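Visitor: prediction below, plus the sequence it came from.
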Amino acid sequence: MSIDEKLRVNAYLVHPRPHIQVDFNKCRKCPEKPCTKLCPAGCFRMLPDGSISFSHDACLECGTCRIVCRLGAVTWDYPEAGFGIWYRFG
Ligand code: SF4
Ligand code: SF4
């Protein structure tokens, strides 16, 4: 089973309040926007006008965005207990 296939069988209970906050004012000053390339779930997207959109719906809770964001734009926490991703294959 490939990694993509394993990810597709995960389940989510998405909390309406995002567990990750993004300061988009800082994103405007971010030259390379590494989160758009390194988030494995594609939660960060570069829009045609160069701005960033973020959705926590498919977040894998890996923490990559908090590490690669050098401008401190990401405020990160785990979702409230019982919410977020349910891994089915580790
Ligand atoms: S790396 Fe940080 S500052 Fe840069 S676009 Fe992503 S969230 Fe915004
Ligand atoms: S924690 Fe991981 S999956 Fe979730 S938004 Fe950050 S990089 Fe993407």
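Guide: On my side now, so go ahead. Ligands and ions are numbered 1, 2, ... in the order given.
Visitor: flag every residue of this structure that's near ligand 2.
Guide: Within the chain, the residues that sit near ligand 2 (C-beta under 6 Å from any ligand atom) are I20, C39, P40, A41, C43, C59, L60, E61, C62, G63, T64, C65. The C-beta positions use only the backbone N, C-alpha and C, and glycine is treated the same way.
Visitor: kindly recompute the last result at 5 Å.
Guide: Residues of the chain lying near ligand 2 by C-beta under 5 Å from any ligand atom: C39, A41, C43, C59, L60, C62, T64, C65.
Visitor: helices - which of the residues you listed land there?
Guide: T64, C65 (DSSP state H).
Visitor: just the buried ones from the residues of the chain next to ligand 2?
Guide: C39, A41, C43, C59, L60, T64, C65 (16 or more other C-beta atoms under 10 Å).
Visitor: any stretches of the protein with poor pLDDT?
Guide: Along the chain, segments meeting pLDDT under 70 span 90.
Visitor: and the helices in it?
Guide: Using DSSP H, helices in the chain cover 3-8, 24-27, 35-38, 64-68.
Visitor: those into TSV, with extra columns for distance to ligand 1?
Guide: Formatted as TSV, those follow (distance: least, C-beta to the nearest ligand atom, whole Å):
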stretch	distance to ligand 1
helix 3-8	21
helix 24-27	3
helix 35-38	3
helix 64-68	6
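Visitor: could you export those helices as a markdown table, including distance to W86?
Guide: Listed next are those as a markdown table, based on distance: least, C-beta to C-beta, whole Å:
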| stretch | distance to W86 |
| --- | --- |
| helix 3-8 | 12 |
| helix 24-27 | 29 |
| helix 35-38 | 23 |
| helix 64-68 | 19 |
